[in-house]
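Peer 1: based on what follows, work out the 3D shape:
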Amino acid sequence: MSDWESAPLPEALLRSDGIETPVAVVDVAQVRRNAEKVAGYAAEHGLRWRPHVKTHKSRRVARIQMQAGAVGLTVATAREAEVMSEVSNDLLLAYPPVCSRTLDRLTALPSEVRLTVALDSPEVLVPLSEAFHRAGRTVWVLVEVDLGMGRVGVSEPRDAVELARLAENRRGASFEGVLFYPGHIRAPLAEQTSALDEVEGRLLAFVGALDANGLTPHTVSGGSTPTLWRSHEMSRLTEIRPGTCIFHDRDTVSLGVAESQECAYSILSSVVSSPGAGRFVLDAGSKALSKEVLRSEGDGYGLIVESPGTLTSLSEEHGVVQLSPGAAPPEVGARMRVIPNHVCVSMNLQEGFVAVEGDDWEFWPVDARGRRPAVSG
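Peer 2: Presented below is the predicted three-dimensional model:
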């Protein structure tokens, strides 16, 4: 056994011939506890919690988040927006839509849905606002700002002011505020101070410029799971969007953001070969886990809960585990769980997952996976 603390799976599930591996397994009770913990933190610090559904893409998990106190949901694709409009009527698309077909899908969302879109250019804003005006609707706009991630977002306060003013004056649009993502902060929780101070300083420059031009943002949306528990240190922040925290993974535990027992997601796998030479092979390969290295300190492509060893190599359907010195090799057919390095990309590979609560389990679909238009139901 590894030294990872995790709630045991029902023995009947581990032995069930009706469960084929590899398969994603989710501890629903732990999901509820994770949701309640984040909701409690947000309420304590006067923050709105709008979780990003990219981690789970599941209506049923999203409903748990809403029941715990989320004010709405964050999505990244038109399909996620379509699916999650059945769960919440307050959605944030945290991705700039550029295709006319995508605009058609967004304007076709149910009329009661309040849609906010994050963007960083007039080239996205103008057709977006025109589409919503033609549809007789309003889209709320968050100007995305780059506070160090180096991905998307305007880089200068004057650009944010110009875009916010344009949004305020466009028919079909209304300026709502600013959005940022501090995803470049990967240090352990206790070592984030200097990076957070830098983000805070840049954020205040953007918000201050908007204030000075009569464009005070109603919403300042930020946050990430690695920085989650220090979000309240950013003085103008009003809303947080962490996603991974609903399940957690090996990376967030390594960063000190979560305890190992708070991981609610794993890949249940079977030993398919135990050829000696201090290794064995699981049926969980890159098509179940993803071939993503640990973004914090540590080796391997995931952590095996029931065996001491390192998942040293992944091919598409094979996961090769190098046993720790002196460890006994498992029998072929033995089942064990793998905690992925990064849960979001693993879940995106699944059509569904086994939702476990107590001694009971059932199959829940990953409703918002893919890009095609969603079908209700």
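Peer 1: where does Lys37 fall, phi/psi-wise?
Peer 2: Per-residue torsions, Lys37: phi -70, psi -50 (degrees, to the nearest 10).
Peer 1: for Ser346, see how far away it is.
Peer 2: 22 Å (C-beta to C-beta, to the nearest Å). In short, each C-beta sits where N, CA and C put it, glycine included.
Peer 1: name the residue in the two with the higher neighbour count.
Peer 2: Ser346 (27 against 16; other C-beta atoms under 10 Å).
Peer 1: pLDDT at Asp3, what is it?
Peer 2: Reported pLDDT at Asp3 in the predicted model: 68.
Peer 1: go on, Ser16?
Peer 2: For Ser16, pLDDT reads 68.
Peer 1: all strands of the stretch 201-350 of the chain, in order?
Peer 2: For the stretch 201-350 of the chain, strands defined by DSSP state E, counting those that start in this stretch occupy the ranges 219-222, 239-240, 265-276, 279-282, 302-304, 309-314, 319-323, 335-340.
Peer 1: those: which one's closest to Ala68?
Peer 2: Distance to Ala68, taken as C-beta to C-beta, is lowest for strand 239-240 among these, at 13.7 Å.
Peer 1: who are the packing partners of the closest one?
Peer 2: strand 48-49, strand 219-222 (3 or more C-beta pairs under 8 Å, 6 or more residues apart in numbering; DSSP states H and E).
Peer 1: picking up where we left off before, of the strands of the stretch 201-350 of the chain, which approaches Val26 most closely?
Peer 2: Using C-beta to C-beta, the strands of the stretch 201-350 of the chain put strand 265-276 closest to Val26, at 5.4 Å.
Peer 1: other SSEs contacting the closest one?
Peer 2: strand 23-27, strand 279-282, helix 286-289, strand 335-340, helix 343-347.
Peer 1: which strands border the longest one, and is each parallel or antiparallel?
Peer 2: Spelled out, it's strand 335-340. strand 265-276 (antiparallel), strand 302-304 (antiparallel) (DSSP bridges).
Peer 1: how far does that strand sit from the chain's center?
Peer 2: Relative to its chain's centre, strand 335-340 lies at 20 Å (C-alpha atoms, centre = their mean, to the nearest Å).
Peer 1: same thing with the third one?
Peer 2: For helix 286-289, the distance from its own C-alpha centre to the chain's C-alpha centre is 18 Å (C-alpha atoms, centre = their mean).
Peer 1: helices or strands up against it?
Peer 2: Partner elements for helix 286-289 (3+ C-beta pairs under 8 Å, 6+ apart): strand 265-276.
Peer 1: what's the angle from the strand it packs on to strand 319-323?
Peer 2: Orientation of strand 265-276 against strand 319-323 (axes from the mean of the first three to the mean of the last three C-alpha atoms, to 10 degrees) gives an angle of 70 degrees.
Peer 1: give the closest residue to Gly285 in space, chain neighbours not counted.
Peer 2: Counting by C-beta to C-beta, 6 or more residues apart in numbering, Gly285 lies nearest to Glu317, which is 4.4 Å off, once chain neighbours are set aside.
Peer 1: out of the strands paired with strand 335-340, which is the most enclosed?
Peer 2: strand 302-304 (a mean of 28; mean count of other C-beta atoms under 10 Å).
Peer 1: so what touches it?
Peer 2: By C-beta atoms under 8 Å, 6 or more residues apart in numbering, the surrounding residues in contact with strand 302-304 are 2, 4, 250, 267, 282, 284, 289, 311, 319, 321, 336-341.
Peer 1: how about a cut-off of 10 Å?
Peer 2: 1-4, 6, 249-250, 253-254, 260, 263, 266-267, 269, 280, 282, 284, 288-290, 292, 294, 309-311, 314, 319, 321, 323, 330, 336-342, 346 (C-beta atoms under 10 Å, 6 or more residues apart in numbering).
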